[in-house]
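# coordinates for the following, if possible.
(one chain, ligands or ions: 2)
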Amino acid sequence: MRLPAVFLVALVLPLAACNKPAQEPAKPGEPTVAQASEQHEEAAMSSHDPNSYAEPEKVVITHVALDLNVDFAKKVLAGSNTVDLDWKDPAATTLVLDTRDLDIAKVEGFDAGAWTPLKFELADKDKIYGSKLTITLPKQMAKVKITYASRPEASGLQWLTPAMTLGKKTPFMFSQSEAIHARSWVPLQDTPGVRFTYEAHITTPKDVMALMSADNDPKAERDGDYSFKMPQPIPSYLLAISAGDLVFAPVGERAGVWAEPAMAPKAAKEFEDTEKMITTAESLYGPYRWGRYDILVLPPSFPYGGMENPRLTFATPTVIAGDKSLVSLIAHELAHSWSGNLVTNSSWKDMWLNEGFTSYVESRITEAVYGRELADMEAVIEQHGLIEDMKQIPEKWQKLAQDPLVGVDPDDASSQVSYIKGKWFLSFLEERYGRETFDAFLRKWFDSHAFTSQDSAEFERFLRAELIDKNPGKTTHEEIHEWMHGAGLPKTAKPATSTRLDAVDEARTHWLAGHMKPSDIDTSAWMTQEWVRFIEGLPQTLTEAQLAELDAAWHFTGTANVEIAQRWYPLTVRSNYLAARPAIESYLIHIGRRKLIMPTYGALVATPDGKAFAEKVFAKAKPGYHPITIASVEAAIAAGNAKPL
Ligand code: BES
Ligand code: ZN
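Residues are numbered from 1 along each chain as shown. Ligands and ions are numbered 1, 2, ... in the order given. So this is what the prediction gives:
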C-alpha cells in the first residue's frame, strides 16, 4: 500500500510530546515541536482507542479540576469536574466523555466570562464501556463543567466501613482507575492516549486524611479540606484518590509511606530501600521526574499487588512479609515512573509497552539493590508461570502487539504475556546488543518520548532506527517480528536459570522419590522464591499423607506468606485435602488481591463439592471485596474455572 507523503512523514518522525512541559528548540531542518506534535495527532487520529467513547481527534481535555466531597455515609463522591478543552477540529461542537454509573446533575460551558447551561445526553449503559456522555455546545468553548455524583457501586472505588479497617474507628475509601474505571468516578476522556494536568479540592469528614496521585504534603494538616496539584500531564488511568485514617512515615528524603497508624512503622521498615531503588533507576534511565515517591499501604481488599499512581504508589499490605522478600513489587511500581507514567501505551492493546518494559526495569532495580541471585530466581518463576498460563490463553492474545481491543474489556486482555513475554523480549535484546548499548537505547526511548502516549508501531520504528540499524548483524528482521507479532514464545527465547532453584528442584525430586524426609532438606536460608519453586514443581495432586507430611514439617496450611498460600491452597484443593479448608476460608475472606485468591477459587469451582464450598465462602467474603474482585470471582463461579491473571 502506498501512503500519501504527508502521512509517511507523520509516521516516521520522532513523535513529540502532547502537553510536553519543557521543550528543546528544534534544530535546523527538524520540525518544530508544534509541527511534530500536529503530525503525531494526525497519526493518532487513524487509531481511535476502541475502549473509549471520546473523540480526541476533535477535542482534547488538557486540564481537569475536581471539586469533590467524600461522603462515607452515602458511599459517593459528589461535586464537579471542570475540564479545559483544546479544540482540534474547527467544525466540532460536541464533547463526548466516558462515564459509568455516574449521576449527571448539570453541564455548563464557560464563555466570555460567564457559565451557561449546556444540553447533554447520557446514553444507555454498555456493560463494558459504560455510558457515553454527549455534550452539545453552541460553539467551541474553553471550559466545560460537569456537576455529578458517583454511585455506591462504582467499579473504580471501594468503600470500607470502620470495621473493615485495621484501626476499626475510621471509614476508608480508595480508587483503582486502571484500566477503564476512572470513568466510574470522574466524567472524562478515559483513554491512555489523552494526557492532562490536574488539580483537586477534596472535602472529607474532619478526622479523615485524603491523598491523591499528586503533590501530597507529608505535613498537611488533617482538617477535612485538601487541595492537590498534578503539574505533569498524565493519562486518566493514573488519576487516584484515597481517604481514611492515614499517617505518614518517612523512609528517605524523597520517599515515604502512608498507612493506617498500626501499619505505618512496619511498612516503613519493609520499604526502607526505596530511596536506593530510586537512585538505581535514575542511574539507568535518567532523573525521576515526579518530585516525591510515596507508597500508600491499602487494606488487604486492594484487588492488585500494586498500582503505579504517580507520586503515590498504591500497594497491598500482603507484600509486607517481614523479610523484604516481596519488595520487588515496589521496584515494579517505581519502574512505571519511566515505563508507563512517562511513556504510556496509547491504547490497551499495547499494554506490554507499560507492563513488559516495567517488568524488565523492575528486574534491573532488583538486581542492583538485592543481587543477581534474587533477580534470576524471580525470572525463572515468572517464565514458568508464563508458560503455564499460555496453555490457557487463546493464540490471538499471546502477541505482544495485540490487535485493537474492539468490544473487549482491557482488564480481560491483560496477562503475563504483556508482563513476562515483554520482559523476556527486552532481555533478549539486552543480551544481543550488550548492556551498555541497550541501556543507552532504552534511556533514549524514555527521554525522547517523555510525557507522550505511544504504540507498538512507534516502538518498532524506534527500535529499528536506534538499535538495529546502528548495530548491524545482531538480530534478524524475522526474530524481531516473531517476538512482537508472533503467538507463543520465539525459538530465540533463552530460559532464565537459577542455581538456587536448581537445588530446590533436586531436593523436591528426592522427597518425591522417598529418598529424603523434609527434615533432611536444609531450608534454613530459603527465601520466599525457593518455597514457591518447591510447591510449583510438585505434581498436580499429592496424597493426603504427603500433604500432611509437608504441613507437619513446614506449616504451609495457615501460612502468613501469601506467595506460598497462593500456590499451596490450590494444590490442597486438587488433592481433596480437606484439612486445609478452614485455613482456605479465612484466607479467602481476609484477602481480596485477585492474583492471590483466584487460583484457589479456580481449583474449588472445578468440582461440585468445591464449588459449594467456594460459594459459601464467597457469600461471607463478598461484603469485604472490591468490585473488581467480585466480578472475577463471579465469573469463575459461572465458568467453573478461573482465567489466568
Ligand atoms: N499497573 C499494574 C496493575 C494493573 C494492570 C491494574 C492492569 C489494572 C490493569 C501494576 O503495575 C502491576 O503490574 N501490579 C502487579 C504487581 C507487579 C509486581 C507484577 C500486581 O498487582 O500483581
Ligand atoms: Zn505494572
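
# ramachandran coordinates for S242?
Backbone torsions of S242, given as degrees, to the nearest 10, read phi -150, psi 150.

# again with M212
Here is the backbone geometry of M212 (degrees, to the nearest 10): phi -140, psi 170.

# what sits against it?
Neighbour list for M212: A200, I202, F228, M230, A240, I241, S242, L312 [criterion: CB atoms under 8 Å, 6 or more residues apart in numbering]. Bear in mind the C-beta positions are built from the backbone N, C-alpha and C, glycine included.

# beta partners of it?
Beta-bridge pairing for M212 (DSSP bridges): I241.

# separation between it and ligand 2?
Using CB to the ion, to the nearest Å, M212 is found at 20 Å from ligand 2.

# hang on, the earlier thing: which of the contacts of M212 sits closest to ligand 2?
Relative to ligand 2, the closest of these is A240; by CB to the ion it sits at 14.2 Å.

# now, of the contacts of M212, which are buried?
Among the contacts of M212, those classed as buried by 16 or more other CB atoms under 10 Å are A200, I202, F228, M230, A240, I241, S242, L312.

# mind pulling up the pLDDT for the fourth one?
According to the model's per-residue confidence, M230 sits at a pLDDT of 98.

# which helix or strand contains it?
Here M230, judged by DSSP states H and E, is contained in strand 225-235.

# now swap in L353 and tell me
helix 352-370.

# mind giving me the packing neighbours of that helix?
helix 274-285, helix 328-335, strand 343-345, helix 372-390, helix 422-433, helix 456-463 (3 or more CB pairs under 8 Å, 6 or more residues apart in numbering; DSSP states H and E).

# so what's E121 up against?
Neighbour list for E121: L133, T134, T136 [criterion: CB under 8 Å, 6+ apart].

# beta partners of the second one?
Think T134. Counting by DSSP bridges, T134 is bridged to V96, E121.

# list the residues that contact it.
For T134, the contact set (CB under 8 Å, 6+ apart) comprises T94, L95, V96, F120, E121, A123.

# what sits against the last one?
Looking back up the chat, that one is A123. Going by CB under 8 Å, 6+ apart, A123 touches S131, K132, L133, T134.

# how close does it get to K132?
A123 sits 4 Å away from K132, going by CB to CB, to the nearest Å.

# cool, and the third one?
Computed with CB to CB, the distance linking V96 and K132 is 6 Å.

# ok, the first one next?
Between T94 and K132 the distance, using CB to CB, works out to 11 Å.

# so between the two, which is more surrounded?
For T94 versus K132, neighbours defined as other CB atoms under 10 Å are more numerous around K132 (18 against 14).

# can you pull the contacts of that one?
Counting by CB under 8 Å, 6+ apart, K132 touches Y53, V96, L97, D98, T99, L122, A123, D126.

# can you confirm it is in a strand?
Yes - counting by DSSP: H, G, I helix; E, B strand; the rest coil, K132 is located in a strand.

# show the pLDDT at it.
Turning to K132, the model gives it a pLDDT of 98.

# from P287, how far out is it?
As defined by CB to CB, K132 lies at a distance of 40 Å from P287.

# again with P117
46 Å.

# and T170, by the same measure?
Plainly put, T170 is 37 Å away from P287 if you go by CB to CB.

# out of the contacts of M212, which is nearest to A154?
The closest of the contacts of M212 to A154 turns out to be I241 (CB to CB; 11.5 Å).

# which elements pack onto the strand holding M230?
Using 3+ CB pairs under 8 Å, 6+ apart: strand 225-235 touches strand 195-203, strand 209-212.

# D124: neighbour count?
So D124, with other CB under 10 Å, has 6 neighbours.

# that one reaches L133, doesn't it?
No - the pair D124 / L133 is not scored as a contact, 11.9 Å apart, by CB atoms under 8 Å.

# how far away is the closest residue in space to L342 that isn't next to it in sequence from ligand 2?
Distances taken as CB to CB, 6 or more residues apart in numbering put A450 closest to L342, at 5.2 Å, once the chain neighbours are dropped. Here the criterion is CB to the ion. By it, A450 lies 19 Å from ligand 2.

# which strand or helix spans A450?
Under the criterion DSSP H and E, no helix or strand holds A450.

# quick one: K595 and I628, what's the gap?
Going from K595 to I628 by CB to CB gives 12 Å.

# let me redo that: A114
Noted for A114: a distance of 41 Å to I628, by CB to CB.

# these two - which one has more neighbours?
Higher neighbour count among A114 and I628: I628, with 18 against 8, using other CB under 10 Å.

# what's the closest non-adjacent residue to S427?
Computed as CB to CB, 6+ apart, the closest residue to S427 that is not its neighbour in sequence is Y360, at 6.5 Å.

# how about the helix or strand harbouring V633 and ligand 1, any contact?
Per DSSP H and E: V633 is located in helix 627-639. No - figure legend: helix 627-639 not in contact with ligand 1 (CB under 6 Å from any ligand atom); closest approach 8.1 Å.

# now for that helix, which elements pack on it?
For helix 627-639, the packing partners by 3+ CB pairs under 8 Å, 6+ apart are helix 594-604, helix 608-621.

# wait, which of the contacts of K132 is closest to ligand 2?
Nearest to ligand 2 among those, with distances taken as CB to the ion, is D98, at 22.3 Å.

# and the stretch 451-600 of the chain, which residues reach ligand 2?
With CB under 5 Å from the ion as the criterion, the stretch 451-600 of the chain does not meet ligand 2 at any residue.

# ok so, going back, count the residues that sit near the residue nearest to L342.
17.

# check what pLDDT it gets.
On pLDDT, A450 comes in at 98.

# list phi and psi for it.
Backbone torsions for A450, taken as degrees, to the nearest 10, come to phi -60, psi 140.

# was I right about it contacting V343?
Yes - at 6.7 Å, A450 counts as touching V343 under the criterion of CB under 8 Å.

# now whichever strand or helix holds I104, how far from the centre of its chain.
Using DSSP H and E, I104 sits in strand 103-111. Relative to the chain's own centre, strand 103-111 is displaced by 32 Å; criterion: CA atoms, centre = their mean, to the nearest Å.
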